[in-house]
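Visitor: mind looking at a prediction? Sequence and model below.
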Amino acid sequence: MAVVGDLALMGTKIKLIGKLEKRVFGVPLSTSPRFSFSQTRNLDVSKSRTAVRAVLQVEKIQSSGELKEGSLGFDVVSERELKENGFLGLRKTKLVCTIGPACSSIDELEKLAIAGMNVARLNMCHNSREWHQDVIRKIKKLNQEKGYCVSVMIDTEGNQIQVDLGSSSSVKAEEDSIWYFTTEKFEGSRPFTIQANYEGFSEGVNSGDEIVIDGGMATFEVIEKVGNGLRCKCTDPGLLLPRAKLSFWRDGKLLGRDYDLPTLSTKDWSDIVFGISENIDFIAVSFVKDAGAITHLRDYLTTTSSKAIKVLAKIESLESLRRLEEIVEASDGIMIARGDLGVEIPLEQIPSVQKDITYVCRQLNKPVIVASQLLESMVEYPTPTRAEVADVSEAVRQYADALMLSGESAIGSYGMKALSVLRTTSTRMEQSCREENRQTLLHQRKLGASLPDQIAEQICNCAVEMADNLGVDAIFVYTRHGKMASLLSRNRPNPPVFAFTNNSSTQMALNLQWGVTPLLTDLSDDMEGNVKKTVELIKAKGMIKKDDAILVVSDIIPISTAQTIFQSIQVMTIT
Ligand SMILES: Nc1ncnc2c1ncn2[C@@H]1O[C@H](COP(=O)(O)OP(=O)(O)O)[C@@H](O)[C@H]1O
Ligand SMILES: C=C(OP(=O)(O)O)C(=O)O
Ligand SMILES: [K+]
Ligand SMILES: [Mg+2]
């Protein structure tokens with residue numbers, strides 16, 4: 001169903017139950033100058049065998065002016081942003097910061113939270129369990145005691161082939177120098193010898209093949225196999241970093257190799273158990289090969305964790321690109337891990353691959369993070385390059401849900417500045433996208449299989465079309481599991497989406513979702529009551545004022561009558 005209209009609609013009441021009414025107050029809808037309806041087959045609820053009602057209401061609601069008891073879980077940062085910049089000034093693109101030694105003190109973490117960090121990422125490749133635990137607890141403390149809303153993500157180490165130089169400093173490889181790649185284990189370093197961390201690393205490799213280090217830092221040609229090892233000549237000189245990664249090429253093509261390593265190692269599983277015990281919100285799984293490991297982990301979480309922890313798949317290998325759709329479908333979200341992806345595929349392919357992945361995620365309604373090297377020069381310098389700002393802007397223009405800092409925040413001297421560059425750059429590009437009104441051009445794939453899912457999807461699609469056409473100031477959605485909020489976000493509406501939920505896991509998960517401000521509050525089966533209460537609370541905080549227009553979408557399954565789902569769209573002006 002598509003609804004087009006304008007604010008003059010208010011005061012009119014259109015109620016559709018079971019089938020579309022063709023006339024409002026005697027005026028045929030199709031001939032009304034103000035609005036028109038078109039019906040999609042999905043919404044032919046009269047044929048429904050289930051007790052589902054689709055109700056579209058456009059009505060004027062009077063605010064009562066009285067303030068009810070209850071609280072509204074506005075985090076301090078969104079509250080301030082909203083007061084300072086108004087509804088349209090709220091940033092839509094979410095920001096993820098990798099926490100490392102440069103920002104792990106409580107003061108630094110608080111500064112990042114104030115500067116807009118939505119999610120803190122802990123890379124389990126580095127540092128100790130105790131260190132990570134300490135950081136997680138500091139973040140939870142800031143949330144609880146100071147009113148921030150920062151979600152916590154752990155990122156698994158994963159199984160990958162990398163080298164050990166036996167020292168923490170990098171080594172230079174000169175042209176034509178001869179090197180030996182071995183699986184032999186020894187202490188310290190030996191000249192021209194590189195340890196690989198996996199016995200089978202040279203399987204299927206022939207002489208004449210090329211070994212590319214870290215996506216092009218240096219290149220070697222294989223001269224001969226010596227046992228499990230490889231004797232090689234450096235053909236393109238460069239730097240070998242302490243944990244450098246390898247890829248193998250033949251005749252200019254990458255050798256896709258399945259190393260038979262499980263996606264989640266024993267260490268990863270123990271990090272996951274640790275994460276569950278620390279009440280984290282997201283697990284990002286490194287080097288995902290197919291949907292199997294993701295499904296397995298999600299099943300495991302369902303049985304072992306009382307809260308809903310979201311599983312994100314990192315796309316950073318050729319295998320994961322080949323099975324992109326199945327992985328996106330199986331996971332709760334995606335990280336485009338451009339760092340390792342750039343080791344596996346030619347760099348010039350990364351921009352188009354990023355565009356394709358963000359598109360697939362949007363179609364399948366999964367949040368997507370664009371990660372790695374967004375502002376890499378800021379690890380060392382206080383300003384970004386122009387090219388980096390352009391890269392950030394492009395990710396925003398592609399409507400990625402979130403952008404991520406790695407070394408910039410973890411070890412850089414200018415982490416706060418880098419976060420502020422992400423914030424200002426994304427706000428500017430979002431404004432330009434809004435002015436272009438690009439979201440109306442996007443064709444959305446139909447997702448729902450069941451009738452209730454189809455109704456939810458159609459309601460959200462038309463709610464966003466309506467919100468943009470009417471130019472409302474904000475969209476309010478009442479949601480227990482976040483589904484309706486994500487379906488609204490998927491349409492990338494001009495106004496911000498305030499998602500009221502009574503489930504704290506839902507609130508923390510929605511932190512990653514484009515344009516959604518999640519708010520924790522009590523919800524009852526009485527929808528009118530929920531709306532009235534939240535509007536009054538927001539009004540009392542001075543965040544909405546008279547004549548502001550709000551579009552309200554609700555999706556509450558009454559606990560008392562579980563078979564009836566009530567979904568509606570309402571538009572109201574504040575009186
Ligand atoms: N928890 C940590 N403790 C120490 N250093 C860290 C931590 N997290 C990240 N770093 C540092 O920040 C750099 C960038 O982080 P990231 O991109 O997540 O890791 P990697 O370089 O291993 O892919 C890392 O190379 C590492 O030097
Ligand atoms: C984000 C990435 O993963 P990690 O930093 O864990 O290597 C990446 O490879 O881009
Ligand atoms: K990792
Ligand atoms: Mg990686």
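Guide: Arrived safely. Ligands and ions are numbered 1, 2, ... in the order given.

Visitor: send the alpha carbons of stretch 333-348 over as PDB?
Guide: Extracted as PDB, the C-alpha positions of stretch 333-348 are listed here (Å, rounded to 0.1, in the frame of the first residue of the first chain):
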ATOM      1  CA  GLY A 333      24.600  -8.000  10.400                       C
ATOM      2  CA  ILE A 334      27.800  -7.700   8.400                       C
ATOM      3  CA  MET A 335      31.100  -6.000   8.800                       C
ATOM      4  CA  ILE A 336      33.000  -5.200   5.500                       C
ATOM      5  CA  ALA A 337      36.500  -5.900   6.900                       C
ATOM      6  CA  ARG A 338      38.400  -4.100   4.200                       C
ATOM      7  CA  GLY A 339      41.800  -4.700   5.900                       C
ATOM      8  CA  ASP A 340      41.900  -8.400   5.300                       C
ATOM      9  CA  LEU A 341      39.700  -8.200   2.200                       C
ATOM     10  CA  GLY A 342      42.400  -6.100   0.700                       C
ATOM     11  CA  VAL A 343      44.900  -9.000   1.300                       C
ATOM     12  CA  GLU A 344      42.600 -11.400  -0.500                       C
ATOM     13  CA  ILE A 345      41.300  -9.500  -3.500                       C
ATOM     14  CA  PRO A 346      43.000  -6.800  -5.600                       C
ATOM     15  CA  LEU A 347      42.600  -3.400  -4.000                       C
ATOM     16  CA  GLU A 348      40.800  -1.800  -7.000                       C
END
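
Visitor: and it, what's buried?
Guide: Residues of stretch 333-348 classed as buried: 333-345 (neighbour count, 16 or more other C-beta atoms under 10 Å). From N, CA and C alone the C-beta is placed, and that goes for glycine too.

Visitor: same check on stretch 392-405?
Guide: 392-393, 395-405.

Visitor: quick check: whichever residue of the stretch 451-575 of the chain sits closest to ligand 4 vs Val571, distance?
Guide: Among the residues of the stretch 451-575 of the chain, Leu512 lies closest to ligand 4, at 18.4 Å counting by C-beta to the ion. From Leu512 over to Val571 the distance is 28 Å, taken as C-beta to C-beta, to the nearest Å.

Visitor: per-residue pLDDT, the residue in the chain positioned nearest to ligand 2?
Guide: Residue nearest to ligand 2 within the chain (C-beta to the nearest ligand atom): Gly339, separated by 2.7 Å. Gly339 is assigned a pLDDT of 94 by the prediction.

Visitor: specify which member of the buried residues of stretch 392-405 is nearest to ligand 4.
Guide: Using C-beta to the ion, Met404 comes nearest to ligand 4 of the buried residues of stretch 392-405, at 11.4 Å.

Visitor: that closest one is in contact with Met335, isn't it?
Guide: Yes - under the criterion of C-beta atoms under 8 Å, Met404 makes contact with Met335 at 7.3 Å.

Visitor: ramachandran coordinates for Gln363?
Guide: The phi/psi pair for Gln363 (degrees, to the nearest 10) reads phi -60, psi -40.

Visitor: buried residues in stretch 495-508, which are they?
Guide: By 16+ other C-beta under 10 Å, the buried positions in stretch 495-508 come out as 495-503, 505-508.

Visitor: now those residues as CSV including distance to Glu325 and secondary structure?
Guide: Listed next are the buried residues of stretch 495-508 as CSV, based on distance: C-beta to C-beta, whole Å; DSSP: H, G, I helix; E, B strand; the rest coil:
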residue, distance to Glu325, secondary structure
Pro495, 31, coil
Pro496, 30, coil
Val497, 26, strand
Phe498, 32, strand
Ala499, 27, strand
Phe500, 32, strand
Thr501, 29, strand
Asn502, 33, coil
Asn503, 29, coil
Ser505, 26, helix
Thr506, 26, helix
Gln507, 29, helix
Met508, 27, helix
